[in-house]
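Undergrad: what's the 3D shape of this:
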Amino acid sequence: MKFDSVEKLLSYGIFTIPEYQRGYSWTEDQLDDLLNDLADVEFIKEHYAGTITLIKSGQEKIGITDLTKYDIVDGQQRLTTFHLLLVSIYHRIREINASEADEVIIKNVLSKGKSLLRLNNKDNQEFFFSLLNEQDINDIKKFTPKSKTQKNLINSRIHFYTYLQRYTSIITLIKIYNNLLSKFKVNVFELEEESEVGLIFETMNDRGLPLSDMDKVKNYLIYLTHRLNEKTLAKEINKKFGEIFTELMEIKNYSITRIENQFLKHCYIVYSGDNKDLSDVPKKIKTQLIKQREIFVKKNLFDNDTAQREKKIKEIKDFNNFLHKSANYYSAILNQSFDNEGVNNSFFRLETLGKIETFLPLYLAILNNKKFKPEFLIAINEILEVFTIRVFVFGNKKGNTGNSALFELAYKVFTNQINFTELKKELRNLIEKNSNNSDLKKSIVNIGAYNSVNHYSLKLILLDYEYFLQGESVTKFDIGAIKDLIHNSKISIEHIAPQTILPGVKPMENINLLGNLVLTFNNAGLANRTFISKKNTYAKSNFASERELVEYDDWNDKTILERGKKIQKFIMEKWKP
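TA: Numbering: from 1, shown residues only. Just a heads-up that it's a prediction; the model follows:
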């Protein structure tokens, strides 16, 4: 191990990020931490900036110079960020005074038209190279990122540009540059082979982010292959984990560490059948799934017991392959990217209701079982939607209600202990066990839905009621598909009796009940007007749920409850077990 400055590190040569590494993931939080450290280092001798782990991979000639090439095993996030920051400093100096922008600043970033850091796929590398070379930030803002990696890269470049705009003195910018290169210090490990990574770096943080459980498991599996002397298997694990990281990184609306940890937990539940005390899944894998103890107890096990050795190799391969397949399924579920649009729509509805994560282990089990076809998910999701509406939305049950039973069903599906018909029956039984019709009816009518039900869940329920009324109505309008309407900001939830009471108007108790809520395209136009003054607008609406309000002569607490019971009847029928 060496303790080097960033300047010394960058002078090593050419750095390549292998395909098995995850994409660039730093966001504003990590960038700001780096910039704050850079500001503070002005007053101290040096700053420890983390660990970089390398494997020498060959030589490459650029011009007349032979440069050593290194694969970055650990620390690629930091190294990528250093390159972006250095080039941002260089372009800022050029912006102030082009004649003073010395290319020595980027001598270890770009050389003779080539980047000295190579990203892990061709598209990302071309995007990165463009970011390094383009000075005009307005042109950079026109770039179209095609992945989360590219989005994070462009955001970092723009973030550094914005930060450096506060500095108008080239002397100050040069000082920042010098502090980064000379005062930022890193531990540099050079390994002989990839399998050593798991042996040394099981607790290492390669991203400046909390180390994910997936990193720990990957390193553990590689460590096992090191003990088994299975270099080919180590490479296979690296390759497949790289693809897993890429797949999970493309899942929308989730932080990377959260999605990786959640994914591993759900995979463990399905694969092992264990759903108790899941606070440390990597430890469970080591002690119960692919047991570490067996290796430590029998040091020469794999020299003298071929059958046991092959069993251990199979354990590792099977679990690695399961994680790899499951990452594709996980991404398809959360991004709704199945070939079957009916499946995607069923997942969209559950996502809108905010409970899709509850059922993810069951989905993984279904998709990993060849006897279950992907289209079976439509019927399963219809039942799980009933569960969500009755147990969570209007049943007011705790968020973990039914979890143990659902996890046990997932394991049964994965291990072929239950078929499709039996699964549907078990899920319906679970609904019956956790919901009561009498209580549910009261809750639908009397719950303060506007404040207690998630906005998008409420919108979905009111849209389904609208589709029902359109089917019953003589006058029909094509209002569009539910996917387009849910996130359409022009469609809002209107209080029929307004929340803000006009002077002289008697206040009502049931303002926020379901019976007082209706979808509208014209919330601003209706505003806080009285019911009588709104009726003409309601009569002209494309929404049948607004048009039906015209039938009421007056609007008060009693009529709110009456309409609530009408919607209640629809809900009880649509979402019956």
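
Undergrad: what's the first-to-last distance across stretch 349-361?
TA: 18 Å (Cα to Cα, to the nearest Å).

Undergrad: list the buried residues for it?
TA: 349, 350, 351, 352, 353, 354, 355, 356, 358, 359, 360, 361 (16 or more other Cβ atoms under 10 Å). Placement of C-beta: from N, CA and C, glycine included.

Undergrad: and which of those residues is nearest residue 445?
TA: residue 353 (19.8 Å; Cβ to Cβ).

Undergrad: hang on, the closest one packs against residue 389?
TA: Yes: at 7.3 Å, residue 353 counts as touching residue 389 under the criterion of Cβ atoms under 8 Å.

Undergrad: re earlier: output the buried residues of stretch 349-361 as a markdown table; include the columns secondary structure.
TA: Below are those laid out as a markdown table (DSSP: H, G, I helix; E, B strand; the rest coil):
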| residue | secondary structure |
| --- | --- |
| 349 | helix |
| 350 | helix |
| 351 | helix |
| 352 | helix |
| 353 | coil |
| 354 | coil |
| 355 | coil |
| 356 | helix |
| 358 | helix |
| 359 | helix |
| 360 | helix |
| 361 | helix |
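
Undergrad: looking at residue 206 now. What's its pLDDT?
TA: pLDDT, residue 206: 43.

Undergrad: what does residue 555 give?
TA: The score at residue 555 is 93. That number is its pLDDT.

Undergrad: now do the SS call for it.
TA: Assigned with three-state DSSP, residue 555 falls in the coil class.

Undergrad: what stretches of the stretch 1-150 of the chain score poorly on pLDDT?
TA: For the stretch 1-150 of the chain, no stretch has pLDDT under 70.

Undergrad: now the helices for it?
TA: Ranges of helices in the stretch 1-150 of the chain, per DSSP state H, counting those that start in this stretch, are 6-10, 28-40, 76-96, 122-133, 137-140, 148-164.

Undergrad: tell me which of those helices approaches residue 428 most closely.
TA: Across the helices of the stretch 1-150 of the chain, closest to residue 428 is helix 148-164 (Cβ to Cβ), at 38.7 Å.

Undergrad: next helix or strand past the closest one?
TA: Going down the chain from helix 148-164, the next helix or strand is helix 170-183, by DSSP states H and E.

Undergrad: next, the angle from that following helix to helix 28-40.
TA: Here helix 170-183 runs at an angle of 100 degrees relative to helix 28-40 (axes from the mean of the first three to the mean of the last three Cα atoms, to 10 degrees).

Undergrad: for helix 170-183, output the C-alpha coordinates as PDB.
TA: Taking C-alpha atoms only, helix 170-183 is exported to PDB below (Å, rounded to 0.1, in the frame of the first residue of the first chain):
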ATOM      1  CA  ILE A 170      -7.100  33.000 -11.600                       C
ATOM      2  CA  ILE A 171      -4.600  33.000  -8.600                       C
ATOM      3  CA  THR A 172      -7.400  31.600  -6.400                       C
ATOM      4  CA  LEU A 173      -8.400  28.900  -9.000                       C
ATOM      5  CA  ILE A 174      -4.700  27.800  -9.300                       C
ATOM      6  CA  LYS A 175      -4.600  27.600  -5.500                       C
ATOM      7  CA  ILE A 176      -7.700  25.300  -5.500                       C
ATOM      8  CA  TYR A 177      -6.000  23.200  -8.200                       C
ATOM      9  CA  ASN A 178      -2.800  22.900  -6.200                       C
ATOM     10  CA  ASN A 179      -4.600  22.000  -3.000                       C
ATOM     11  CA  LEU A 180      -6.500  19.200  -4.800                       C
ATOM     12  CA  LEU A 181      -3.300  17.800  -6.300                       C
ATOM     13  CA  SER A 182      -0.900  18.200  -3.400                       C
ATOM     14  CA  LYS A 183      -3.000  18.100  -0.100                       C
END
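
Undergrad: tell me which helix or strand comes right after the helix or strand hosting residue 536.
TA: For residue 536, the element it lies in under DSSP H and E is helix 531-539. Using DSSP H and E, the helix or strand that directly follows helix 531-539 along the chain is helix 544-547.

Undergrad: still on that earlier bit, need the max-distance pair from the buried residues of stretch 349-361.
TA: Across the buried residues of stretch 349-361 (Cβ to Cβ), the longest gap, 20.4 Å, separates 352 and 361.

Undergrad: which strands and helices sit next to the longest helix anywhere in the chain?
TA: Counting residues, the longest helix found in the chain (DSSP state H) is helix 306-335. With contacts taken as 3 or more Cβ pairs under 8 Å, 6 or more residues apart in numbering; DSSP states H and E, helix 306-335 sits against helix 213-228, helix 231-249, helix 256-272, helix 293-297, helix 301-304, helix 360-367.

Undergrad: break this protein down into its structural domains.
TA: Partitioning the chain according to automatic domain parsing yields domains covering residues 2-191, 196-434, 444-574.

Undergrad: and residue 481, how many neighbours?
TA: Applying other Cβ atoms under 10 Å, we find 9 residues neighbouring residue 481.

Undergrad: which stretches of this structure have low pLDDT?
TA: Ranges of the chain meeting pLDDT under 70: 193-211, 293-305, 474-476, 522-525.

Undergrad: so what's the residue nearest the centre of it up against?
TA: Residue closest to the mean C-alpha point of the chain, counted by Cα atoms, centre = their mean, is residue 254 at 2.4 Å. Counting by Cβ atoms under 8 Å, 6 or more residues apart in numbering, residue 254 touches residue 334.

Undergrad: helix, strand, or coil at it?
TA: Under three-state DSSP, residue 254 comes out as coil.

Undergrad: report the separation between it and residue 360.
TA: 12 Å (Cβ to Cβ, to the nearest Å).

Undergrad: try residue 72
TA: Note on residue 72: its distance to residue 360, by Cβ to Cβ, is 32 Å.

Undergrad: for the stretch 401-550 of the chain, what spans make up the helices?
TA: In the stretch 401-550 of the chain, the helices defined using DSSP H, counting those that start in this stretch lie at 403-414, 420-434, 437-446, 449-452, 455-472, 482-486, 523-526, 531-539, 544-547.

Undergrad: can you tell which of the ones you listed is closest to residue 218?
TA: Of all those, helix 403-414 comes closest under Cβ to Cβ, at 22.0 Å.

Undergrad: got the angle between that closest one and helix 256-272?
TA: 60 degrees.

Undergrad: ok, and what's touching helix 403-414?
TA: Contacts of helix 403-414 (Cβ under 8 Å, 6+ apart): 269-273, 275, 358-359, 361-362, 364-366, 368-369, 372, 417-418, 423, 426-427, 430.
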